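Chemist: here is my input, please return the structure:
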Amino acid sequence: MPGGRLTQQERQQIALGLADGLAYAEIARRLDRPTSTITREVMRNGGPTAYRADLAHRATEHRTHRRRQSAPRGPEALPQAHGRDAEVVREYEETFTTVLMQSGLSKMMARVLVCLYTTDAGSITAAELVQRLQVSPASISKAIAFLEEQGLVRRERDERRRERYFVDDDVWYQSMMASARSTAQLVETTRQGVGVLGPGTPAGARLENIARFLDFVSESIARAAEQAREILYTKPEPAEDNTA
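Modeler: The predicted model follows:
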């Protein structure tokens, strides 16, 4: 599988594949690239309907040039914790951000959430987010407000009276349960429609089938989330000490 950045010719193939209605996985297979690479490339350059190979190539060159100019050099370059490769971490964060964007989050909200998920402390201040993402405080404030409203983050004041943002261990459990409750409400609404349209009519039968399907899915999600909740609290195994 080839490595390195996408070439202009590969971007042209991506554009052709999108025009033909191919899935990201099929485009990736034809280019012998990971699907995540194609997904990230398309999503960061306008999405499947607005992707243009020449514009994407120029935008990538601009980002690379800007990153090289802003990257700290010499003694200012701090090492990554736990011996991590900074470039590998950055690429992973971009992929994670793209996946969250596909789930419905805006780019800024996804970037903030990824920062929180990938920090060992599980918390970060507004100033740290501004520095890390190179965006305005207003952008951070708007993203945090939405994420907090959705129950994905919470905020507290630390000992220095700074606002610090957290992701709790069970945030995904809460998210799954909220999804199950939302689906349960949809079940109730579709069943009301059965009574209105008549259970013996084609439209009523359609709504009843939808209600049965969603009811099963909702109960399955809630049951599975409850059973698996403890997984979210699993702590990493301590590293073995081989110095002896």
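Chemist: okay, now the unreliable bits of the protein?
Modeler: Counting by pLDDT under 70, the low-confidence segments of the chain come to 1-4, 63-80, 238-244.
Chemist: not counting its neighbours along the chain, what's nearest the most centrally placed residue in it?
Modeler: With distances taken as CA atoms, centre = their mean, Leu100 lies nearest the centre of the chain, 2.0 Å away. Nearest non-adjacent residue to Leu100, counting by CB to CB, 6 or more residues apart in numbering: Ala110, 3.8 Å away. Any C-beta I mention is one placed from the backbone N, CA and C, and that applies to glycine too.
Chemist: end-to-end on stretch 163-180?
Modeler: 31 Å (CA to CA, to the nearest Å).
Chemist: and the residue lying closest to Glu26 once chain neighbours are set aside, what element?
Modeler: Among residues not flanking Glu26 along the chain, Gly17 sits closest, at 7.0 Å (CB to CB, 6+ apart). Using DSSP states H and E, Gly17 sits within helix 8-19.
Chemist: okay, the angle between whichever helix or strand comes after that helix and helix 8-19?
Modeler: Going down the chain from helix 8-19, the next helix or strand is helix 24-31, by DSSP H and E. Going by axes from the mean of the first three to the mean of the last three CA atoms, to 10 degrees, helix 24-31 is angled at 140 degrees with respect to helix 8-19.
Chemist: which secondary structure elements does helix 24-31 sit against?
Modeler: Judged by 3 or more CB pairs under 8 Å, 6 or more residues apart in numbering; DSSP states H and E, the packing partners of helix 24-31 are helix 8-19, helix 35-43.
Chemist: just those helices: most buried one?
Modeler: helix 35-43 (a mean of 21; mean count of other CB atoms under 10 Å).
Chemist: with just CA atoms, put it into PDB.
Modeler: C-alpha atoms of helix 35-43 as PDB (Å, rounded to 0.1, in the frame of the first residue of the first chain):
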ATOM      1  CA  THR A  35     -10.500   4.300   3.200                       C
ATOM      2  CA  SER A  36      -9.900   6.800   6.000                       C
ATOM      3  CA  THR A  37      -7.400   8.700   3.700                       C
ATOM      4  CA  ILE A  38     -10.000   9.100   1.000                       C
ATOM      5  CA  THR A  39     -12.700  10.100   3.500                       C
ATOM      6  CA  ARG A  40     -10.500  12.700   5.200                       C
ATOM      7  CA  GLU A  41      -9.400  14.100   1.800                       C
ATOM      8  CA  VAL A  42     -12.900  14.600   0.500                       C
ATOM      9  CA  MET A  43     -14.400  15.900   3.800                       C
END
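Chemist: would you turn the helices and strands packed on helix 24-31 into CSV with distance to Glu87?
Modeler: Output for the helices and strands packed on helix 24-31, formatted as CSV (distance: least, CB to CB, whole Å):
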stretch, distance to Glu87
helix 8-19, 20
helix 35-43, 15
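Chemist: to Asp54, which of those lies closest?
Modeler: helix 8-19 (7.7 Å; CB to CB).
Chemist: looks like Ile210 contacts Glu188 (just checking).
Modeler: No - Ile210 lies out of contact with Glu188 (CB atoms under 8 Å); the separation is 11.9 Å.
Chemist: secondary structure element for the residue nearest to the centre of the chain, which one?
Modeler: Secondary structure from DSSP H and E places Leu100 in helix 86-102.
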